[in-house]
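build me a structure from this.
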Amino acid sequence: MKLSLKGRLKLLADKVPKCNVAADIGTDHAYIPIYLIQQGICKKAIASDVRIGPVKVAEKNINLYKMSNQIETRLGSGLDTLCENEADTIIIAGMGGTLLSELLEANIKKACAANLLVLQPMNDLDVVRKWLFEHKFDIYDEELAAEGEKVYCVISAKYDGNERQYEEFQLHVGEKLIKKEDPLLLKYCEIKVRQIDRVLGQLEYMEDNSKLQSYYRQLKKDYMNLIEQIRL
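Purely as a prediction, here's the structure:
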């Protein structure tokens, strides 16, 4: 019985290179570890989650696909469930960008030691990119995946110890997405503009928000400039 993935989960799995051990942090159903083993991408996998419910669901699926000898489930927060240098590739997906960054910060040595981080924040991508830049990680690839009306970004990064200069807007739209002319980038930017318009509408009813309004107006302008550039 073969497991098939699509959308953001398929993109996440596609970004994992052949390796010995892959760790899926916040695994939920353990679909990614199961797929990676089936495809021969990794020899072993770790499926961890902070909640017992998802761990039990993961165990059920792992047993269903007869992979209990190759995939180990663990209960705990973030990278706490990993030993140092245990996982070649660490996947963290399906959670907010601020929480994701906090999990990396809490176990920065483990994050730096991994060959690769495959990250998919549900929001606050600017927070994640800033954390990676400030901690000397190379964001060497980014790609978008669509599921219905939603567009998700998958970030591939690895520690190299090099300092980087970056523009503020680079934190919101990764330069790799622009350079590779990702086919979903236009849709992604249009979604972001609509979100900013809603924020600006809410700010009209708040006092002492001139700095916030200025920030979001400039951010909208940057997105509109990129949209115009893509449409040319």
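
could you use CA atoms for every contact and neighbour count after this?
Noted.

could you list the domains of this structure?
7-166, 185-231 (automatic domain parsing).

now distance to Lys179, mean pLDDT and mean neighbour count too, for these, in JSON lines please.
Converted to JSON lines, the domains of the chain look like this (distance: least, C-alpha to C-alpha, whole Å; pLDDT from 0 to 100; neighbours: other C-alpha atoms under 10 Å):
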{"stretch": "domain 7-166", "distance to Lys179": "10", "mean pLDDT": "97", "mean neighbour count": "19"}
{"stretch": "domain 185-231", "distance to Lys179": "11", "mean pLDDT": "94", "mean neighbour count": "14"}
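
which SSE is the residue of the chain positioned farthest from its centre in?
Note on the chain: the largest C-alpha distance from the chain mean falls to Glu207, namely 34.4 Å (C-alpha atoms, centre = their mean). Assigned by DSSP states H and E, Glu207 belongs to neither a helix nor a strand.

and for Met67?
Counting by DSSP H and E, Met67 is part of no helix or strand.

so how far is Arg51 from it?
Look at Met67 and Arg51: by C-alpha to C-alpha, to the nearest Å, they are 21 Å apart.

what does Ser101 give?
From Ser101 to Arg51 the distance is 19 Å (C-alpha to C-alpha).

then Met206?
Taking C-alpha to C-alpha, one finds Met206 at 37 Å from Arg51.

again, but for Gln38
Gln38 sits 25 Å away from Arg51, taking C-alpha to C-alpha as the criterion.
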